[in-house]
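A.B. asks: build me a structure from this.
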Amino acid sequence: MDFFPGFRQETLDVGGGVGIHAVVGPKRPGPALLLLHGYPQTHVIWHRVAPRLAERFNVVATDLRGYGDSAKPMTAPDHAPYAKRVMAADQVEAMRQLGFERFHVVGHDRGGRVAHRLAADHAAQVLSLTVLDIAPTLAMYEQTTDAYARAYWHWFFLITPAPLPERMIGAEPRLYLREKMRESLDRGVFTREAWAEYERCFTPGTIHGSCEDYRAAASIDLDHDRADRDAGRKLRAPVMALWGERGVVERCFKPLDEWRRVADDVRGRALPCGHYIPEEQPDALLAELEKFLG
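C.D. replies: Numbering: from 1, shown residues only. Here you go, the predicted structure:
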């Protein structure tokens, strides 16, 4: 199925032999817009919004390193190859190769964490930041409660040392994927074609790469976030935070308060959905982006 009609596919070598897979919309006179997906999905999560955004923006949707059809590089004991700092640098280089020095960025779930670090480390490149259904990583770890840990159990399972989660998930990857996303599956959030693509891409390489993404988030990423906080560094780009009113972030955190701890210009609200906003509420998301991006 052609999820992104009129888009072209590219694999961009961002250094170190790491190829980042991207779908790139038709060339427009307007600004560029980078879309970053979350776990355990791929760029396909944007299939209901990217074609419409491409009417006004130069839209690029990528697979993060470790996911989809992007590279799954070897890791290291400190998980640095999957630090959000490194994953963000991938995206800046990919956009540079496509001819976009400055751009808006929208990130869902893990992609929102990469986007947060991108805006922190590459402020000159980021016109605006939109984060979907997350609070900042440091806040979520420092404010862990029983309710949050039970709802987001996978955060604590995936960070256990390799190869335990890799082997357990790898024994029944499709079963794990279905159970992880059962509630949304039961509500028909995903099209049959999109779900088939998520299953196709949930390979041993992705299982390991995604575990490393979470391991980095619980270690080296927290070091980078604490360094920013200790130095009083805040995001310069305007930030819009959107989250699902039926989701864990709504129940366990105060998203706007948390984003205002790390950025000066923050707005946003809950949308009538669960976690997978681009697939559950594409029209509402598009309306919010239209107001925010102008």
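A.B. asks: for A263, give me its contacts.
C.D. replies: A263 makes contacts with 129, 234-235, 237, 239, as judged by C-beta atoms under 8 Å, 6 or more residues apart in numbering. Any C-beta I mention is one placed from the backbone N, CA and C, and that applies to glycine too.
A.B. asks: give me the distance between it and P29.
C.D. replies: Applying C-beta to C-beta, to the nearest Å, the value for A263 to P29 is 29 Å.
A.B. asks: what about stretch 116-124, average pLDDT?
C.D. replies: Mean per-residue pLDDT for stretch 116-124: 98.
A.B. asks: what lies in contact with that stretch?
C.D. replies: 84-85, 87-89, 91-92, 102, 105, 107, 125-126, 129, 131, 136-137, 221, 224, 228, 233, 235-237, 239, 262.
A.B. asks: quick check on those: which are buried?
C.D. replies: 84-85, 87-89, 91-92, 105, 107, 125-126, 129, 131, 136-137, 221, 224, 228, 235, 237, 239, 262 (16 or more other C-beta atoms under 10 Å).
A.B. asks: could you list every residue that touches the most centrally placed residue in the chain?
C.D. replies: Most central in the chain under C-alpha atoms, centre = their mean is G111, positioned 1.3 Å from the mean C-alpha point. Neighbouring residues of G111 by C-beta under 8 Å, 6+ apart: 35-38, 64.
A.B. asks: leaving out the residues flanking it, which one is nearest to it?
C.D. replies: Of all residues not flanking G111 in the chain, L36 sits nearest, at 2.9 Å (C-beta to C-beta, 6 or more residues apart in numbering).
A.B. asks: cool, G112 as well?
C.D. replies: Using C-beta to C-beta, 6+ apart, the nearest residue to G112 is V131, at 4.0 Å.
A.B. asks: kindly export the host helix or strand of the one you found (C-alpha atoms) in CSV.
C.D. replies: Assessed by DSSP states H and E, V131 sits inside strand 126-132. What follows is strand 126-132, C-alpha atoms only, in CSV (Å, rounded to 0.1, in the frame of the first residue of the first chain):
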residue,chain,number,x,y,z
VAL,A,126,14.3,24.2,15.1
LEU,A,127,11.5,26.6,14.2
SER,A,128,9.0,25.0,16.6
LEU,A,129,8.6,21.8,18.6
THR,A,130,5.4,19.8,18.9
VAL,A,131,5.4,16.8,21.3
LEU,A,132,2.6,14.2,21.4
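A.B. asks: need the next SSE after that strand, C-terminal direction.
C.D. replies: Moving toward the C-terminus from strand 126-132, the next helix or strand (DSSP H and E) is helix 137-142.
A.B. asks: okay, buried residues for that next one please.
C.D. replies: Applying 16+ other C-beta under 10 Å to helix 137-142 flags 137-140 as buried.
A.B. asks: and if you look at stretch 140-160?
C.D. replies: Neighbour counts over stretch 140-160 (16+ other C-beta under 10 Å) mark 140, 148, 154-155, 158-159 as buried.
A.B. asks: the strand holding V131: partners in the sheet, and parallel or antiparallel?
C.D. replies: strand 103-108 (parallel), strand 239-244 (parallel) (DSSP bridges).
A.B. asks: which one of those strands is the most hemmed in?
C.D. replies: Stretch with highest mean neighbour count among those: strand 103-108 (a mean of 26; mean count of other C-beta atoms under 10 Å).
A.B. asks: list the contacts of that one.
C.D. replies: With C-beta under 8 Å, 6+ apart as the contact definition, strand 103-108 has outside contacts at 31-38, 45, 57-58, 60, 91, 95, 113-116, 118-119, 125-133, 276-278, 289, 293.
A.B. asks: ok, of those, which come out buried?
C.D. replies: 31-38, 45, 57-58, 60, 91, 95, 113-116, 118-119, 125-126, 128-133, 276-278, 289, 293.
A.B. asks: backbone dihedrals for the residue nearest to G111, please?
C.D. replies: Per-residue torsions, L36: phi -120, psi 130 (degrees, to the nearest 10).
A.B. asks: before we move on, back to that, as a markdown table, the buried residues of stretch 140-160 with pLDDT and distance to D69 would be great.
C.D. replies: Formatted as a markdown table, the buried residues of stretch 140-160 follow (pLDDT from 0 to 100; distance: C-beta to C-beta, whole Å):
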| residue | pLDDT | distance to D69 |
| --- | --- | --- |
| M140 | 97 | 28 |
| Y148 | 96 | 32 |
| H154 | 97 | 23 |
| W155 | 98 | 25 |
| L158 | 98 | 21 |
| I159 | 98 | 25 |
